[in-house]
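Undergrad: quick check, what structure comes out for this input:
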Amino acid sequence: MRCSLCKGFTTEFLIYENRKFVQCEKCKAILLLPEFFLNAEVEKSRYALHNNDITDPRYKNFVSPITSHITENFPTWSTGLDFGCGTGPVAAVELQKRGYSVKLYDPFFEDHPEVLSKKYNFIICCEVMEHFHHSHREFQLLSNLLLPGGKLYCKTILFFEKMDFEKWHYKNDPTHVIFYTPQSLEWIKSNFGFSDLSTDLKLIIFTK
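TA: Numbers count the residues shown, from 1 in each chain. From the prediction side, this is the model:
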């Protein structure tokens, strides 16, 4: 199969519990073969089980790298989008409390396509990018939704070459279908109109 992110060729990477993973030769992303994707109904039911309580201090702390960076870099008149917000948009709620306008979008729980016709100063994509079935299309959309100088804030767990993929817990979630490497992030930066990329273990930031 071709890589859903960069369209590069892939090679077999691992078969684990009858699920097949491949790795892109170009951007080094690791992908689950589409034949093993959950159908939409099952996928939605699994997301609905997530206990994303917007009042949970642990959840607030989890998204704090995003909310802190936004409050430090954008005035309150800035507009934002929580893309793939799920059932508990805690980052959006915390920012709204501080006076920011943050729209919600999620194809399962906040399906408001009209918010995808506007442009934003910042976009939150927290634990979402590993669920992208069509990652090239999704990142092109996210880039198009940003105003000049805008920032895309992502949280996911990156895969590094030294890691043992077979023992890596992150692959075991059946809704996780693509795993990014540092090379994948650089490819995204270079091919979707981003001027800068900042990344650490807690936060990935693409700047338009």
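Undergrad: contacts only, for the residue most central in space within the chain.
TA: Central residue of the chain (C-alpha atoms, centre = their mean): residue 129, 2.5 Å from the mean position. Applying C-beta atoms under 8 Å, 6 or more residues apart in numbering to residue 129 gives the contacts 135, 138, 154, 156, 178, 180. Every C-beta, even on glycine, is put in place using the N, C-alpha and C of the backbone.
Undergrad: could you rerun that using 10 Å?
TA: 5, 83-84, 135, 138-139, 142, 152, 154-156, 176, 178-180, 184-185, 188, 204 (C-beta atoms under 10 Å, 6 or more residues apart in numbering).
Undergrad: kindly report the same for residue 195.
TA: Going by C-beta under 10 Å, 6+ apart, residue 195 touches 148, 149, 189, 206, 207, 208.
Undergrad: please apply the same query to residue 201.
TA: Applying C-beta under 10 Å, 6+ apart to residue 201 gives the contacts 65, 157, 158.
Undergrad: quick one on the thing from earlier: most surrounded residue in the contacts of residue 195?
TA: Counting by other C-beta atoms under 10 Å, residue 206 has the largest number of neighbours within the contacts of residue 195, with 26 neighbours.
Undergrad: same question for the helix or strand where it lies, mean pLDDT?
TA: Applying DSSP states H and E as the criterion places residue 206 in strand 204-207. Averaged across strand 204-207, the pLDDT comes to 98.
Undergrad: list the pairing partners of it within its sheet, with orientation.
TA: strand 146-155 (antiparallel), strand 196-199 (antiparallel) (DSSP bridges).
Undergrad: tell me where the model's unsure across this protein.
TA: Scanning the chain for pLDDT under 70 picks out the ranges 50-55.
Undergrad: please enumerate the strands of the protein.
TA: 10-16, 19-24, 30-32, 79-83, 101-105, 120-126, 146-155, 178-179, 196-199, 204-207 (DSSP state E).
Undergrad: of all those strands, which lies closest to residue 165?
TA: Comparing the strands of the chain by their distance to residue 165 (C-beta to C-beta), the top pick is strand 10-16, with 5.7 Å.
Undergrad: starting at the chain centroid, how far to the closest one?
TA: Centre-to-centre, strand 10-16 and its host chain are 22 Å apart (C-alpha atoms, centre = their mean, to the nearest Å).
Undergrad: neighbours around the closest residue to residue 108 other than its chain neighbours, how many?
TA: Nearest residue to residue 108, sequence neighbours excluded (C-beta to C-beta, 6 or more residues apart in numbering): residue 44, at 4.6 Å. Around residue 44 there are 15 other residues, counting by other C-beta under 10 Å.
Undergrad: and for residue 36?
TA: 12.
Undergrad: distance of the closest residue to it other than its chain neighbours from residue 12?
TA: Excluding its sequence neighbours, the residue lying closest to residue 36 (C-beta to C-beta, 6+ apart) is residue 19, at 4.7 Å. Distance of residue 19 to residue 12, given as C-beta to C-beta, to the nearest Å: 12 Å.
Undergrad: next one: residue 67
TA: Counting by C-beta to C-beta, the gap from residue 67 to residue 12 is 40 Å.
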